[in-house]
Structure formats: C-alpha cells, structure tokens
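[1] I need the structure of the sequence given here:
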Amino acid sequence: MAYLNVTRLNKHYGQTQVFQDIDFTAEEGEFVTLLGPSGCGKSTLLRCLAGLTPVDSGQILLQGQDLVPLPPQKRGIGMVFQSYALFPNMTVEGNVAFGLKMQKLAAGQIQQRVQEVLALVELTELAKRYPHQLSGGQCQRVALARSLVTRPRLLLLDEPLSALDARIRKHLREQIRRIQRELNLTAIFVTHDQEEALTLSDRIVLMNKGQIVQSGDAETLYTQPADVFAAGFIGNYNLLSAEQATTLTGSPYHGKVAVRPESITLVPAGQGIAAVILNHSLLGNVVRYRVQARGVELLVDVLNRSVEDLRPDGSEIGLHLETVTLREVA
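    Next up is the predicted model:
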C-alpha cells in the first residue's frame, strides 16, 4: 500500500461539484504536484487532505490510517499557504515555536528544534525579527519552518510561491526541493504554474474541472499528453486538426495532433517543408518563431545561439518534422 492513498474523494458546495471520484497516491518521500488551472479543485482537494474542508465521501489513508474522521490537529500534517499567515506580534522564532508550544513540549526541546529548523531554512540570523521586518521570501521561509518544526507525516503546500517575484520564486522552490529531499518528506504541492510543476515534481497529477486528466512524471506529461487539454496546458504545443496535420506532413491523420515547438527544425529554403517566418519573439535563451507552412501556422522554438543566427521576419525557410514527434491526442 502507498504511503498516502486517496480513494473516490468527492466534494461539492450546494449544486456545484468541486471534484468527483478523485483517486491518487503518494509514496513515502515523494514530491507530488497537483497542477491545473484556477478553479479546477486542486486547492480544495489540498484543504480536504488537511482537514480544513470536510469531504462528502471517500477515503484518505495516511500510513494506513483513515484521516477523514480526524480533526486537522490530529492528522500529523503540516501546511504552507500562499498567504504566510504569520502572527505579526511574534518574532520569527516565536512563530516557528508556536505549534510546539501547543503540543506542550519542554522549553529546552522547543528551543533545540526551532534552532534546527531555522538553520535548515537559512533564517538563524533573523530569529529575533518580526514579520513586518522581513521580505516576502523570508516570510514564506518562516511559514515553511513553522510547518517543518512539528515534523509532519505529510507536508502540504498551497501555491506558496505565487505571490513572490520570479527570482525569489526560483530560489525558494530550489530550497523547498532540497529540504524535502533532505528530510525525506512526503509532499503534496499545488500550483497552476507548469514550470514549477515540471522542475519540482517526482510526479504530476494534472487536474481539470474537478477530475484528474493525467498522472505521471514530468517527462511523460510533457512528451505524451493524454488529450487536448493536457497538450494545451503542458508546454506550448502546436495543436493541429487531422486535416492540418495531413496537409502539413502528407501522412493521414484521423484525430487532433500535438507537435512540440522545439521538435521542429528550421532548414534552408528549398529543403523540407516550405515555410515563411511571420514573426519572432526572444525568450531569453530561446527564439520562438511563428511560421506558416502549407496554410498552417506553427510555433517553432530554436536555441538562441547568437544574433547572427536570427532569421528575419518574412524570410523563406524550410521545416523538418520528425514523424515520431507527432502525437495524436483525444
């Protein structure tokens, strides 16, 4: 049996079904991400795991124990929210120690564990500061330390990085992953950001409209989308109709086809499939071209090696598509 087993979980508000018959698992020490657009039910699912929102039916087994009847404080779960939810009148170490004081641990034990976890999140020097004296990234690390200090059986993170700027977000997600591995924590992470999901996760559970669309490791979800939604949400696939795919390649297709932008190669005019560059965008280390070939518009991603390699808008080029990069989706 897996470390965490969620079986046929259902939740609705009035006539609105939030999610239906949700089934997924997490192994001990695994980092699982719930990914999906806003409103798909992922945050509500996380709150149900924590016991903050009651479920209508279903089972949540953690190490074989059914959590559904238990109140939040009896579940052995730590949770980090998007809003830091720190006590403004307490110092960093006071915020981190709060949960241990509620557990009535001895003062010496509390001090030792607080110092250990502050060192883990690199906040030892800020222990005496108050939340208003901290940056957003520092506040989120305090919230993470507060969850870790109680040594939870399961760590839940509800879009903890979405309010931070890009540089801090990248650094903090690396810290979260390092700490999770170092402590061998089982973690469930909620995000709508595909980049976060792809870089952080051992396994991604992709949700849409209250249902799980696809589950697997990052490479599987990126290279083998299960349907049109998965192809459109993960990466920047070109989604073609069967007619467009047939026109473009000369091979017969009978369903929609997904083509990854980086799997298309630009070749000199007169080679491959004749195409024209409509425009281009510089995305740092990648140049994204929008091209037209045989009446079909495509995005093509090319590594940005130098200014000299840039193809001007309006220029004629050729395209090379490996047939194995074409995948029919539902």
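[2] which residue ranges form the strands in the stretch 1-150 of the chain?
    4-13, 16-26, 31-35, 57-62, 65-66, 77-80 (DSSP state E, counting those that start in this stretch).
[3] show me where the stretch 201-330 of the chain dips below the pLDDT cut-off.
    323-325 (pLDDT under 70).
[4] where do the helices of it begin and end?
    Applying DSSP state H, counting those that start in this stretch to the stretch 201-330 of the chain gives helices spanning 218-223, 228-233, 242-249.
[5] tell me which of those sits most buried.
    Of all the helices of the stretch 201-330 of the chain, helix 228-233 has the most neighbours on average by mean count of other Cβ atoms under 10 Å, namely a mean of 20. C-betas here are computed from N, CA, C, even on glycine.
[6] that older thread, export the strands of the stretch 1-150 of the chain as JSON lines, with columns for mean pLDDT.
    As requested, these are exported to JSON lines (pLDDT from 0 to 100):
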{"stretch": "strand 4-13", "mean pLDDT": "96"}
{"stretch": "strand 16-26", "mean pLDDT": "95"}
{"stretch": "strand 31-35", "mean pLDDT": "97"}
{"stretch": "strand 57-62", "mean pLDDT": "97"}
{"stretch": "strand 65-66", "mean pLDDT": "96"}
{"stretch": "strand 77-80", "mean pLDDT": "94"}
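[7] so which of these is nearest T199?
    strand 31-35 (9.9 Å; Cβ to Cβ).
[8] and the closest one, what does it pack onto?
    Counting by 3 or more Cβ pairs under 8 Å, 6 or more residues apart in numbering; DSSP states H and E, the packing neighbours recorded for strand 31-35 are helix 42-50, strand 187-191, helix 194-200, strand 203-208.
[9] any idea how far G235 is from the residue most central in space within the chain?
    Nearest to the geometric centre of the chain sits A197, at 2.6 Å (Cα atoms, centre = their mean). A197 sits 11 Å away from G235, going by Cβ to Cβ, to the nearest Å.
[10] which stretches of the stretch 151-300 of the chain form strands?
    So, for the stretch 151-300 of the chain - with DSSP E, counting those that start in this stretch - the strands run 154-158, 187-191, 203-208, 211-216, 238-240, 256-259, 264-267, 273-283, 286-293, 296-303.
[11] pLDDT on the top helix by length along the chain, on average?
    If you go by DSSP state H, the chain has its longest helix at helix 166-183. Averaging pLDDT along helix 166-183 gives 91.
[12] may I have it as CSV, with CA atoms only?
    Extracted C-alpha coordinates of helix 166-183, given in CSV (Å, rounded to 0.1, in the frame of the first residue of the first chain):
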residue,chain,number,x,y,z
ALA,A,166,10.4,35.4,-10.3
ARG,A,167,14.0,35.5,-8.9
ILE,A,168,12.9,34.8,-5.3
ARG,A,169,10.4,32.2,-6.5
LYS,A,170,13.1,30.2,-8.3
HIS,A,171,15.4,30.3,-5.4
LEU,A,172,12.8,29.3,-2.9
ARG,A,173,11.5,26.4,-4.9
GLU,A,174,15.0,25.1,-5.1
GLN,A,175,15.2,25.4,-1.3
ILE,A,176,11.9,23.6,-0.8
ARG,A,177,13.0,20.7,-3.0
ARG,A,178,16.4,20.5,-1.2
ILE,A,179,14.7,20.4,2.2
GLN,A,180,12.1,17.9,1.1
ARG,A,181,14.7,15.5,-0.1
GLU,A,182,17.0,16.1,2.9
LEU,A,183,14.2,15.2,5.3
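[13] need the helices of the stretch 201-330 of the chain in TSV with distance to V259, can you?
    Formatted as TSV, the helices of the stretch 201-330 of the chain follow (distance: least, Cβ to Cβ, whole Å):
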stretch	distance to V259
helix 218-223	12
helix 228-233	9
helix 242-249	8
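[14] out of the ones you listed, nearest to S281?
    Per Cβ to Cβ, nearest to S281 of the helices of the stretch 201-330 of the chain: helix 228-233, 18.8 Å.
[15] ok, and what's touching that closest one?
    When contacts are defined by Cβ atoms under 8 Å, 6 or more residues apart in numbering, helix 228-233 is touched by residues 35-37, 194, 206, 208, 213-214, 221, 225, 237, 239, 256, 258, 327, 329-330.
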